[in-house]
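Enquirer: 3D model of this:
(2 chains)
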Amino acid sequence: MLVTGPRTRAVRRPSYPVTREIDEQTRLGEAYMRSLLRAQLRLAVGLCLVLAAVVVGLPLLFAVFPEFSEKTVLGIPLPWVVLGGLIYPWFVVCGWWYVRQAERNEDDFAELVDRPPSPDDAP
Amino acid sequence: MNTAYGLAGVLLVVVATVLIGVIGRISRTTSDFYVASRTVTPLRNASAIGGEYLSAASFLGIAGLILAYGADMLWLPVGWTGGYLILLVLVSAPLRRSGAYTLPDFAEARLESMAVRRVASILVVLISWLYLLPQFQSAGLVLRTVTGAPVWTGGVLVAVVVAVNVLVGGMRSVTLVQAFQYWMKLTALAVPLVFLLLAWRYDGAPGLAADTPPQFAERTTVSVGLAVTVDVVDPVQVVVDGRVDGQPYENGPLTLGPGRHHIAQNTSVTFPAGAEVPHVSDRPATTDRQWAMPLDGHPHSLYATYSLILATFLGTMGLPHVLVRFYTNPDGRAARRTTVMVLSLLGAFYLLPAVYGALGRLYTPELLMTGRADAVVLTLPGRLIGGVGGDLLGALVTGGAVAAFLSTSSGITVSVAGVIAQDILRGGVRSFRAGTLLALVVPLALAIAARALPVADVVGLAFAVAASTFCPLLVLGVWWRRLTVPGALAGLIAGGVLAGTAVIVTIAAGPPEGLLGALLAEPAAWSVPTAFATMIVVSLCTPGRVPRGVARMMVRLHTPESLAVDRGTWRPKRV
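Expert: Below you'll find the predicted structure:
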């Protein structure tokens, strides 16, 4: 089977200083990469922690306070309403929010790295 | 269920699948993936991912487990959806950007090691066998429910159709077909459900809050297909045609005393109205109220719930057929957006099985006695609606179930056959064919040999193995520069051996009683942390073995495609 790589620019533009720093793996380039990774990781870990709090918390809530499970909404027990319905749209909202934030991080990074060299940067 | 209608449903889906396979063969001038990567919209792509992902476990299994075990099982579909959220957040864009086509590809690209690649290949094969086994078993169940054919025939039918399709070359990556399968499965569950709910309303909308176990609402004849051992609580006067406890009866009366009774195959037992439904012997009888509440009625249920959550949330990213589908996204950003859409599609689908489970508790409680709770989705339309309408709706759910086996099995078989051909055999078309047969024959033999297990339980075990092996590899590989070759190997092997042992014990012998049984039936809670810890500790102990190109690989995984930077030269090998 034929497989394509990720879409990349067909023609490489002349490298601006920062992309060259990244290409040549200088200390500055590494610092830029680390800042991107840290921003993305912070976002990912943050969302995972929120998710973990909910999925670890719900069984605990049901275990410690059984009266919560007894509550009903329109005749349906609360655990069924939450786990059988409400949690799915919440997942989608979380995912949608994550995508926006992750793309924003990438845009910030791209802007930082890809901007044309300003007169100040000239030697 | 009406045999003719049901069989028509099965045949229609099988014939359509084979036809599309043959047409796919004719039209395969350029690579489907190449075309797909440029023209497929995110919605179609997401539908294809959903279509391939929603297996028999989702279509039949969840409703069955909810019927039997109640509210705790709601976590299963939640986890199978949440797994995509974790996948989105932690690995989706980097995985697409890596350019890896299979999990072993990623292992090789990231760690620059053939040894890690080989271990990853073996794990992919084992996980996929574990995933295919219950698909074949439930295919047997469906065909038996519809036509009364022996249970092995369904598995053989699915295996043959999948083999023909994969060998002919269709279904291979026809995104459109898989996308269609998602909507087919959604329709096949949603449309009958509307009628079932109307029938339930007409019946006075009975609830499930009684303090008694399920009872037969009216005089009911239960046909036991496969021999079963049941527990009876209160003595009950029944009429038996067949063998009970070794004694033959011909429509003779019998009083079943409290305790364990063995009912031979092809026996029918008629219960009077109001009698309590006996339960399969390894399943505790719960009252409807306990059933509706989480964490009620089973020992160690809090541990089991947490372990299930861990396995499903972390296991999704490690399934063999999930990564391949990400390839049809043009870039990392599209991969993220597609994943959000997958979340919506899965969320919409997973609203349905729980309702089937609850209705099944009301109207088909005898499935608790025959131990065939997985059949609840197939049985309900005929039971509640009846007539031609019920038959047609029954045929629709049957067709949806067949679509579920075929799409998931095809997806897994294709990805595994590629791995077997490339990493275990010599590569090339002949190896791919041999790989296809190998990928199908072993789980088929296991499905026929092994005892019948609830489909969603076995799929759950496959998730546990994936979570204990590939999840640490992918997460640490994407985010942690200090991962080393020995660390990755040690973690994969530790996770694989621990989770694998638990799986073998659970499937071969059934989990033992008590806490040990709970630990073995749901291994993720201890095997996943162990695998992560092993990978991290061994990596820290071998700092000299960090792959040389890790900095370049990090650039490749994390920088947006719009930037012109050097991403290295690694490309996956092609089959």
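
Enquirer: Residue 53: how many residues sit nearby?
Expert: Defaulting to chain A. As a burial measure, A:Ala53 scores 10 neighbours (other C-beta atoms under 10 Å in any protein chain shown). From N, CA and C alone the C-beta is placed, and that goes for glycine too.

Enquirer: my question was about chain B
Expert: The burial count for B:Tyr53: 26, using other C-beta under 10 Å.

Enquirer: Pull the contacting residues for it.
Expert: Applying C-beta atoms under 8 Å, 6 or more residues apart in numbering or on different chains to B:Tyr53 gives the contacts B:80, B:321-322, B:342, B:346, B:408.

Enquirer: And the residues you listed, which is closest to chain A?
Expert: B:Leu346 (7.9 Å; C-beta to the nearest C-beta).

Enquirer: check contacts around that closest one.
Expert: Residues near B:Leu346 by C-beta under 8 Å, 6+ apart: A:88, B:50, B:53-54, B:80-81, B:84.

Enquirer: which one of those is nearest B:Ala417?
Expert: Distance to B:Ala417, by C-beta to C-beta, is smallest for B:Tyr53 among these, at 18.7 Å.

Enquirer: Distance of the closest one relative to chain A?
Expert: Going from B:Tyr53 to chain A by C-beta to the nearest C-beta, to the nearest Å gives 15 Å.

Enquirer: that older thread, in JSON lines, list the contacts of B:Leu346 along with secondary structure.
Expert: What follows is the contacts of B:Leu346, written out as JSON lines (DSSP: H, G, I helix; E, B strand; the rest coil):
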{"residue": "A:Tyr88", "secondary structure": "helix"}
{"residue": "B:Gly50", "secondary structure": "helix"}
{"residue": "B:Tyr53", "secondary structure": "helix"}
{"residue": "B:Leu54", "secondary structure": "coil"}
{"residue": "B:Trp80", "secondary structure": "helix"}
{"residue": "B:Thr81", "secondary structure": "helix"}
{"residue": "B:Tyr84", "secondary structure": "helix"}
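
Enquirer: how about those residues in CSV, adding distance to B:Leu515 and pLDDT?
Expert: Listed next are the contacts of B:Leu346 as CSV, based on distance: C-beta to C-beta, whole Å; pLDDT from 0 to 100:
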residue, distance to B:Leu515, pLDDT
A:Tyr88, 33, 95
B:Gly50, 37, 90
B:Tyr53, 33, 89
B:Leu54, 33, 90
B:Trp80, 26, 92
B:Thr81, 29, 94
B:Tyr84, 32, 93
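
Enquirer: Considering these, which possesses the most neighbours?
Expert: Of all those, B:Gly50 has the most neighbours under the rule other C-beta under 10 Å, reaching 28 neighbours.

Enquirer: so what's the residue lying closest to B:Arg118 once chain neighbours are set aside up against?
Expert: Of all residues not flanking B:Arg118 in the chain, B:Asp423 sits nearest, at 6.3 Å (C-beta to C-beta, 6 or more residues apart in numbering or on different chains). Contact partners of B:Asp423, counting by C-beta under 8 Å, 6+ apart, are B:104, B:117-118, B:121.

Enquirer: Return the closest of these with respect to chain A.
Expert: Distances from chain A to the contacts of B:Asp423, taken by C-beta to the nearest C-beta, are shortest for B:Pro104, at 13.9 Å.

Enquirer: who's in contact with the helix or strand that closest one falls within?
Expert: Here B:Pro104, judged by DSSP states H and E, is contained in helix B:103-111. Applying C-beta under 8 Å, 6+ apart, the contact partners of helix B:103-111 are B:95, B:98-100, B:113-114, B:116-121, B:123-124, B:318, B:320, B:323, B:419, B:422-423, B:470, B:473-474, B:477, B:483-485, B:488, B:547, B:550, B:553, B:570, B:572-573.

Enquirer: where along chain A do the helices fall?
Expert: For chain A, applying DSSP state H gives helices covering A:17-23, A:27-64, A:66-70, A:78-81, A:87-114.

Enquirer: Quick check: which ranges of chain A have low pLDDT?
Expert: A:1-16, A:115-123 (pLDDT under 70).

Enquirer: same thing with the stretch 101-250 of chain B?
Expert: Applying pLDDT under 70 to the stretch 101-250 of chain B picks out residues B:169-175.

Enquirer: In it, what residue lies closest to chain A?
Expert: B:Tyr101 (5.4 Å).

Enquirer: burial count for B:Gly544?
Expert: A count of nearby residues for B:Gly544, using other C-beta under 10 Å, gives 6.

Enquirer: would it count as being in a helix?
Expert: Yes. Applying three-state DSSP, one finds B:Gly544 inside a helix.
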